[in-house]
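Undergrad: this one's structure only:
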């Protein structure tokens with residue numbers, strides 16, 4: 001699912017209560033491969049799925065860059081980006097996502113990233129498969 005969000009443009013309102021008016025966001029996800037993160041395109045997705053089909057992972061790590069652009073008079077101006085690390089931990093009946101903010105203005109909170117990913121994933125299925133639960 002994450003590779004489908006790569007380079008897709010959203011209004012900041014689609015993700016969070018906007019702190020910047022007339023702002024769009026673009027997500028870029030990478031998947032951990034030993035010590036590096038590789039851009040999550042079709043090739044990397046297929047590579048990961050082949051490995052997972054042989055032996056499912058208990059943990060998967062992803063990098064997420066959120067690019068922000070303010071639009072004024074039809075001109076797109078880049079703003080400072082946010083950088084996050086996402087850790088997916090798979091259990092028999094649940095998936096836990098931990099989100100760590102690395103740097104940036106934090107226009108989108110870790111909780112909002114989880115909710116956004118869960119909602120976009122659920123849109124692809126006939127029934128809800130992910131439910132965001134806040135940590136206590």
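TA: Thanks, I have it. Owing to the predicted nature of the structure, the values given are computational and were not obtained by experimental measurement. Numbers count the residues shown, from 1 in each chain.
Undergrad: Report the contact partners of residue 110.
TA: Neighbouring residues of residue 110 by CB atoms under 8 Å, 6 or more residues apart in numbering: 84, 99, 100, 101. C-beta here means a position set from N, CA and C on the backbone, and glycine is covered the same way.
Undergrad: Pretty sure the third one sits in a strand.
TA: Yes. When the secondary structure is assigned by DSSP: H, G, I helix; E, B strand; the rest coil, residue 100 falls within a strand.
Undergrad: give the contact list for it.
TA: 84, 85, 86, 87, 110 are the contacts of residue 100 under CB under 8 Å, 6+ apart.
Undergrad: how about residue 89, secondary structure?
TA: Here residue 89 is recorded as strand under three-state DSSP.
Undergrad: Likewise for residue 121?
TA: Assignment for residue 121 (three-state DSSP): helix.
Undergrad: For it, give me the pLDDT.
TA: Looking at residue 121, its pLDDT is 79.
Undergrad: helices or strands next to the helix or strand bottoming out on mean pLDDT in the chain in the packing?
TA: Lowest by mean pLDDT, DSSP states H and E among the helices and strands of the chain is helix 2-5, with a mean of 83. Packing partners of helix 2-5 (3 or more CB pairs under 8 Å, 6 or more residues apart in numbering; DSSP states H and E): strand 23-33, helix 42-54, helix 110-123.
Undergrad: Show me the one of these that comes nearest residue 70.
TA: Among those, the nearest to residue 70 by CB to CB is strand 23-33 (5.2 Å).
Undergrad: before we move on, back to that, just flag the most distant two among the contacts of residue 100.
TA: Checking the contacts of residue 100 with CB to CB, the most distant pair is 87 and 110, at 11.1 Å.
Undergrad: shared neighbours, these two?
TA: 99, 100.
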